[in-house]
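*Asks:* need a 3D model of the sequence below.
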Amino acid sequence: MVAPMIEAALTAAVRIAGLAALSGGVAFLAALAYRWYGRTAIPDGPAVLLGLSSVALWLNTTATLIGAIGGNDALVEPTTALYTVGAFVVAGIAADAGKRAGDRVALDTATFSAGVSGSLDADVSALVRARGRTIRVTLPDEIDDVEGYDPVAPDRKDDIAGTTLHFPRGLTVGDLRERIAARLEDDYGVGYVDVEVSADGEVEHLALGRRQAGLGRTLPPGTVGVALRADPAFSASPGDAVEVWSAGADAERVTTAELRAAVDDIVTLVVDERDADALDAAEHYRLVTLPREPRADRELLAGIREADEVAGVVDVAAGDDLDGTTVGGLAATVVAIDGPNGLEGTPRPGRALASGDRVYALGRPENLRRIGARPSEIASD
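*Replies:* Residues are numbered from 1 along each chain as shown. Below is the predicted model of the structure:
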């Protein structure tokens, strides 16, 4: 009685080992194929599921054949159920081990780690070709300035030049570019980063810019900024239009202004340059908020200041890349074209550029650089 039980147990163990080998082999091959195609590790769930699916297919096929040939009551016995559960448990463990082994072999084999990148290099979505467990990016020693932005301090550039950054594998060229820009902006306080990265993870171009601060570039033409001692109007906030009144019993309205900042009794106002002489820094004033919305030009200037886009201008010469290109084909917003027929505002997308056209565009610095634009005169007005 004991001998048949031992023999049955050994037979079941051998079968379970065979099913585990089947599951691990399927997961191993899946990990190899996934690493070759996607150049990243296959998730644990799909790998184990593939291994268990092969075991389930084998067991179902065996059970179906036994039932079709002559039937067998042993299929519903408790020992059969225990055998099936044990087979799936062991097969799941083997599938996970096979997945890890397959991914390890793929990493150590150049054929699999290279993947199918050759057909994707021309696409910005191509994965970066990494030579190790991480992507190592060494920044160049020469760092340019971003046109349209204030230059970064030389000592800050010296700190960044030659620095090696580490990023996880599996990033596309676009993702790596964004990661580098975010790292420099967060770690070094850089206002804007213009970076070009190759499919090998090498930085081909790096330019930095410091986001401009202060009121100067946000002041509309014909206005000036002044600081006064005043009692800010109730619930007044930056951007509100206010009236400036003199203090005392015989209060008089001095001018109308825009509130930009208030700290205690010191306020910063934007006033018409003709009214600036009427304000005395030694006097104390009172402010009254006006019931009206901020002017559109103020909102536009505030939006431009916060945006990454800058203004640029490019002259179209005969035979260059822009000659014959349509307005809609540029990677920037064309706001005006100064051509032989005069100035055209907001030209239609189908308008073709020709030799002699001067194009005024608004876009991100790297896009303006690619089309050969230089900082526009209107950007500093």
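*Asks:* okay, how far is it across stretch 317-329, tip to tip?
*Replies:* 17 Å (C-alpha to C-alpha, to the nearest Å).
*Asks:* and the residue nearest to R229 when sequence neighbours are not counted, how many residues sit next to it?
*Replies:* Excluding its sequence neighbours, the residue lying closest to R229 (C-beta to C-beta, 6 or more residues apart in numbering) is H284, at 4.9 Å. (Each C-beta comes from the backbone N, C-alpha and C, glycine too.) Close neighbours of H284, defined as other C-beta atoms under 10 Å, add up to 13.
*Asks:* report pLDDT for H284.
*Replies:* pLDDT, the model's per-residue confidence, is 86 for H284.
*Asks:* my guess is R35 meets A106, correct?
*Replies:* Yes: at 3.5 Å, R35 counts as touching A106 under the criterion of C-beta atoms under 8 Å.
*Asks:* any idea how this protein splits into domains?
*Replies:* Dividing the chain into domains by automatic domain parsing, as the record does, gives the ranges 2-113, 119-209, 217-298, 308-380.
*Asks:* in the stretch 151-300 of the chain, which spans are helices?
*Replies:* 154-160, 173-188, 296-306 (DSSP state H, counting those that start in this stretch).
*Asks:* would you indicate which residues of the first one are buried?
*Replies:* Okay, so that is helix 154-160. Across helix 154-160, burial judged by 16 or more other C-beta atoms under 10 Å covers 156-157, 160.
*Asks:* comparing the helices of the stretch 151-300 of the chain by mean pLDDT, which bottoms out?
*Replies:* helix 296-306 (a mean of 59).
*Asks:* helix, strand, or coil at S53?
*Replies:* Per DSSP: H, G, I helix; E, B strand; the rest coil, the secondary structure class of S53 is helix.
*Asks:* if we ignore the residues flanking it in sequence, what's nearest it?
*Replies:* V26 (7.8 Å).
*Asks:* and that neighbour, what helix or strand is that in?
*Replies:* helix 2-38 (DSSP states H and E).
*Asks:* show me what that helix is packed against.
*Replies:* The contact analysis (3 or more C-beta pairs under 8 Å, 6 or more residues apart in numbering; DSSP states H and E) places helix 2-38 against helix 44-69, helix 78-108, helix 110-114.
*Asks:* and with 6 Å instead?
*Replies:* For helix 2-38, the elements it packs on are helix 44-69, helix 78-108, judged by 3 or more C-beta pairs under 6 Å, 6 or more residues apart in numbering; DSSP states H and E.
*Asks:* can you say which of those helices is packed in most?
*Replies:* For the helices and strands packed on helix 2-38, the largest average neighbour count (mean count of other C-beta atoms under 10 Å) is found in helix 78-108, namely a mean of 18.
*Asks:* distance from it to the middle of the chain?
*Replies:* 39 Å (C-alpha atoms, centre = their mean, to the nearest Å).
*Asks:* that one vs helix 2-38, what angle?
*Replies:* If you take axes from the mean of the first three to the mean of the last three C-alpha atoms, to 10 degrees, helix 78-108 sits at 30 degrees to helix 2-38.
*Asks:* tell me which residues of the helix holding V26 are tucked away?
*Replies:* Buried residues in helix 2-38, counted by 16+ other C-beta under 10 Å: 12, 15-16, 19-20, 22-28, 30-32, 34-36.
*Asks:* one more: stretch 195-203?
*Replies:* Applying a neighbour-count criterion of 16+ other C-beta under 10 Å, one finds 195, 197, 199, 201, 203 buried in stretch 195-203.
*Asks:* I135 versus the third one, what's the distance?
*Replies:* Taken as C-beta to C-beta, to the nearest Å, the spacing of A199 relative to I135 amounts to 11 Å.
*Asks:* which residues are common contacts for those two?
*Replies:* Shared contacts of A199 and I135 (C-beta atoms under 6 Å, 6 or more residues apart in numbering): none.
*Asks:* who touches stretch 321-341?
*Replies:* Counting by C-beta under 6 Å, 6+ apart, 316, 343-345, 347, 349-353, 355-363, 367-368 sit against stretch 321-341.
*Asks:* show me the residues you listed that map onto helices.
*Replies:* 367-368 (DSSP state H).
*Asks:* which of the contacts of stretch 321-341 are buried?
*Replies:* By 16+ other C-beta under 10 Å, the contacts of stretch 321-341 give 316, 347, 353, 357, 359-363, 367-368 as buried.
*Asks:* which one is L343 nearest to, not counting chain neighbours?
*Replies:* A336 (6.0 Å).
*Asks:* what pLDDT is listed against the one you found?
*Replies:* In this model, A336 carries a pLDDT of 89.
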